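Novice: Here is my input; please provide its structure:
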Amino acid sequence: MSKKDLIEAVAVKTEMTREKAGVAVDAVIAHIEDSMKKGEEVRIPGFGTFKVAQRAARKARNPQTGVEMQLKASRVPKFTASKTLKELLN
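Specialist: This is a model prediction of the structure:
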């Protein structure tokens, strides 16, 4: 599903115009991004949790050349599905 498809689905479910549904979807995504930039978790009951995890600095190898390089520590997004969502899929 693309963002365009998501906006269309929200518009149909809520009987909003596509423009208003697009604004709503963009607002939700922006809020999740802003919260994660601050290092906060975003929990959506029945769906899952968006978290920020720390990835330690590590050595990696370029698979084409075999050259070893050092990767810096970084923050990465993580998503954990809720029990409800997992049960829905199985």
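Novice: Could you break the protein into its assigned domains?
Specialist: The record's domain split for the chain, according to automatic domain parsing, is 1-39, 41-90.
Novice: May I have the distance across the shortest one, first residue to last?
Specialist: Read it as domain 1-39. One end of domain 1-39 sits 27 Å from the other (Cα to Cα, to the nearest Å).
Novice: Please identify the buried residues of that domain?
Specialist: For domain 1-39, a neighbour-count test (16 or more other Cβ atoms under 10 Å) marks 7, 10-11, 21-22, 25, 36 as buried. All C-beta spots, glycine's among them, are computed from the backbone N, C-alpha and C.
Novice: What is the nearest of these to residue 60?
Specialist: Residue 60 lies nearest to residue 36 out of the buried residues of domain 1-39, by Cβ to Cβ, at 24.3 Å.
Novice: And that closest one, which helix or strand is it part of?
Specialist: Element membership for residue 36, per DSSP states H and E: helix 18-37.
Novice: residues making contact with that helix?
Specialist: 3, 6-8, 10-11, 14, 16, 41-42, 50-52, 77 (Cβ atoms under 8 Å, 6 or more residues apart in numbering).
Novice: any idea how far the next helix or strand after that helix is from the chain center?
Specialist: The helix or strand immediately downstream of helix 18-37 is strand 42-44, counting by DSSP H and E. The chain centroid and the centroid of strand 42-44 are separated by 11 Å under Cα atoms, centre = their mean, to the nearest Å.
Novice: now swap in stretch 44-63 and tell me
Specialist: Chain-centre distance of stretch 44-63: 11 Å, with Cα atoms, centre = their mean.
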